[in-house]
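Asks: Following is a predicted model, sequence given first.
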Amino acid sequence: MATPRGFCAGVDKAIDALAWMVKIFDPPIYCYHEIVHNRPVVEEFRRKGVIFVDSVDSVPAGAPLVLSAHGTSPQIVAQARTAGSVVVDAVCPLVTKVHHEVKTRAARGYDIIYIGHAGHEEVVGTSAIAPAVVHLVQSNADVDALATRLDPRTPVALIAQTTLAESEWRGIMDHVCSRFDNVWTPSRADLCFATTNRQAAVRAVARASDAVVVIGSQNSSNTLSLAQVARDAGCNKVVRINDASELPSGLSGVIGVTAGASAPERLVSEIVEALAPAGPVEEVRVTDEGEYFPPPPELREMLSSLETFLATTFSAGATAGVTASANAPRTLRRHRAPATANPAVSHEPAVPQSPVPPQSLAAPQSVARRVAAG
């Protein structure tokens, strides 16, 4: 068992944000692109009334809309807000950091060499920050082609998709530096800590395994990177699966298990159970992760306002003999106990610790209990 594995802080933030929206609003709730790249997670949200769209034109005016963890172009965000939608941006802060780097370097006259996978939502959103100067490359050959169009003396900034395998970033970075004279790179690589931690863990596991099972979806870049890292580490049999039903037959010997950053831990448990190990289960831990990302500011503000509204309504009801439901907003979900069938999605959204003001999220849970009790 590779550790760290599975959900990262950015995914936790995004899933909790969408779970809160499901609690607050009547369905449907809209989400621009899949909230995270994991099929079981997305399907569970669909069952709860979430509609995933690839265009904000598909979102009715005023409808609640969550933007995915992968980051969204400023144009799309502005379009959604102009349409009057209730917009909550669940972008990972590490993607926001890359957006800021692109914006800053472009403003200083740099051309941007962006290492990423064409068509991936993170790449689409980041490229839209400064489309005139962002050049997407996926190989050394792409760098060579770009060098024929740009003067080698052109100042370039090297930016990367956060979920790449470290080998992808390192090899192309070295080639860019060999082809251009003036290259800026961030003080820390754009690869997120969760990506590099999970790659280090699966690398350690793969070296001692006869086969490695990587849990995650085909459209998850960090999951595909984990599988590639396991192969590069020398494991000859690496399989990527969504869930236990896809486990291939014939796996034997020492089996390594890891999960992409969008895969919930319940899938890991189900797969280990299906593997039915004859010997002990060993955890290979390369580091501990204690990172926490607070909920999106729009959601914190919304929940704080909700708390104030309900507290005021209950106070008035206690003295005037009226119930909260008489004055509650039409969209407010009032008599709903939290479901727990799928811990990956249906769990109570995490109550953040400092620096988030405790009144912004802790109170709605107690308020919900008071509502349910009448």
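Replies: Nice, I can see it.
Asks: how many neighbours does the closest residue to L67 other than its chain neighbours have?
Replies: In space, and not counting its chain neighbours, L67 is closest to D89: 4.5 Å by C-beta to C-beta, 6 or more residues apart in numbering. Where C-beta positions appear, they are placed from N, C-alpha and C, glycine not excepted. D89: 22 surrounding residues under other C-beta atoms under 10 Å.
Asks: And T82, by the same measure?
Replies: 10.
Asks: do A278 as well
Replies: 6.
Asks: Kindly report the same for the one 10 residues further on.
Replies: Number of residues near D288 (other C-beta under 10 Å) recorded here: 8.
Asks: Next up, phi/psi of the nearest residue to it once chain neighbours are set aside, please.
Replies: Leaving aside its chain neighbours, D288 sits nearest to P4 (7.9 Å; criterion: C-beta to C-beta, 6+ apart). Main-chain torsions, P4, degrees, to the nearest 10: phi -70, psi 160.
Asks: show me where the stretch 1-150 of the chain has strands.
Replies: 2-3, 29-32, 50-53, 64-67, 86-89, 111-115, 134-137 (DSSP state E, counting those that start in this stretch).
Asks: Which neighbouring elements make contact with the last one?
Replies: The one in question is strand 134-137. strand 111-115, helix 121-127, helix 140-149 (3 or more C-beta pairs under 8 Å, 6 or more residues apart in numbering; DSSP states H and E).
Asks: Touching it from outside, list them.
Replies: Here strand 134-137 makes contact (C-beta atoms under 8 Å, 6 or more residues apart in numbering) with 102, 106, 111-116, 118, 123, 126-127, 142-143, 146, 150, 172, 176.
Asks: Swap in 10 Å and give it another go.
Replies: Strand 134-137 is contacted by residues 102, 105-106, 111-119, 123-124, 126-128, 142-146, 149-150, 156-159, 161, 172, 175-176 when judged by C-beta atoms under 10 Å, 6 or more residues apart in numbering.
Asks: was I right about the residue nearest to L67 contacting S68?
Replies: Yes - with contact defined as C-beta atoms under 10 Å, D89 counts as touching S68 (9.1 Å).
Asks: can you list residues touching both of those two?
Replies: Common neighbours of D89 and S68 (C-beta under 10 Å, 6+ apart) are 14, 32.
Asks: picking that back up, and the residue nearest to D288, what does it touch?
Replies: P4 touches 193-194, 197-198, 200-202, 258-259, 261, 285-289, counting by C-beta under 10 Å, 6+ apart.
Asks: tell me which of those residues is nearest to P277?
Replies: The closest of the contacts of P4 to P277 turns out to be T258 (C-beta to C-beta; 15.3 Å).
Asks: got the contact list for the closest residue to that closest one other than its chain neighbours?
Replies: Nearest residue to T258 in three dimensions, chain neighbours excluded: A2, at 3.8 Å (C-beta to C-beta, 6+ apart). By C-beta under 10 Å, 6+ apart, A2 lies in contact with 197-206, 209, 212, 214, 226, 230, 256-259, 268, 283-286.
Asks: Just the buried ones from those residues?
Replies: For the contacts of A2, a burial check counting by 16 or more other C-beta atoms under 10 Å picks out 197-206, 209, 212, 214, 226, 230, 256-259, 268, 284, 286.
Asks: In helices, which of those appear?
Replies: With DSSP state H as the criterion, helices contain 197-206, 226, 230, 268 from among the buried ones among the contacts of A2.
Asks: Make JSON lines out of these and add distance to F180 and pLDDT.
Replies: Formatted as JSON lines, those follow (distance: C-beta to C-beta, whole Å; pLDDT from 0 to 100):
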{"residue": "N197", "distance to F180": "30", "pLDDT": "96"}
{"residue": "R198", "distance to F180": "31", "pLDDT": "97"}
{"residue": "Q199", "distance to F180": "27", "pLDDT": "96"}
{"residue": "A200", "distance to F180": "30", "pLDDT": "96"}
{"residue": "A201", "distance to F180": "34", "pLDDT": "97"}
{"residue": "V202", "distance to F180": "32", "pLDDT": "98"}
{"residue": "R203", "distance to F180": "30", "pLDDT": "97"}
{"residue": "A204", "distance to F180": "35", "pLDDT": "97"}
{"residue": "V205", "distance to F180": "37", "pLDDT": "97"}
{"residue": "A206", "distance to F180": "34", "pLDDT": "97"}
{"residue": "L226", "distance to F180": "31", "pLDDT": "96"}
{"residue": "A230", "distance to F180": "33", "pLDDT": "97"}
{"residue": "V268", "distance to F180": "43", "pLDDT": "97"}
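Asks: name the element S305 belongs to?
Replies: helix 297-320 (DSSP states H and E).
Asks: what distance separates that helix from the middle of the whole chain?
Replies: Centroid separation for helix 297-320 versus its chain: 30 Å, with C-alpha atoms, centre = their mean, to the nearest Å.
Asks: What mean pLDDT does it get?
Replies: Mean pLDDT, helix 297-320: 79.
Asks: Can I get that helix in CSV, CA atoms only?
Replies: Below are the C-alpha coordinates for helix 297-320, written out as CSV (Å, rounded to 0.1, in the frame of the first residue of the first chain):
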residue,chain,number,x,y,z
PRO,A,297,-14.7,32.2,-0.5
GLU,A,298,-18.1,32.3,-2.2
LEU,A,299,-19.2,29.2,-0.3
ARG,A,300,-17.9,30.5,3.0
GLU,A,301,-19.8,33.8,2.5
MET,A,302,-22.9,31.9,1.5
LEU,A,303,-22.9,29.7,4.6
SER,A,304,-22.2,32.6,6.9
SER,A,305,-25.2,34.4,5.4
LEU,A,306,-27.3,31.2,5.8
GLU,A,307,-26.3,30.9,9.4
THR,A,308,-27.2,34.5,10.1
PHE,A,309,-30.6,34.1,8.3
LEU,A,310,-31.5,30.9,10.2
ALA,A,311,-30.4,32.2,13.5
THR,A,312,-32.5,35.4,13.1
THR,A,313,-35.5,33.4,11.9
PHE,A,314,-35.3,31.0,14.8
SER,A,315,-35.0,33.8,17.2
ALA,A,316,-38.0,35.5,15.8
GLY,A,317,-39.9,32.3,15.7
ALA,A,318,-39.3,31.6,19.3
THR,A,319,-40.9,34.9,20.4
ALA,A,320,-43.6,35.2,17.7
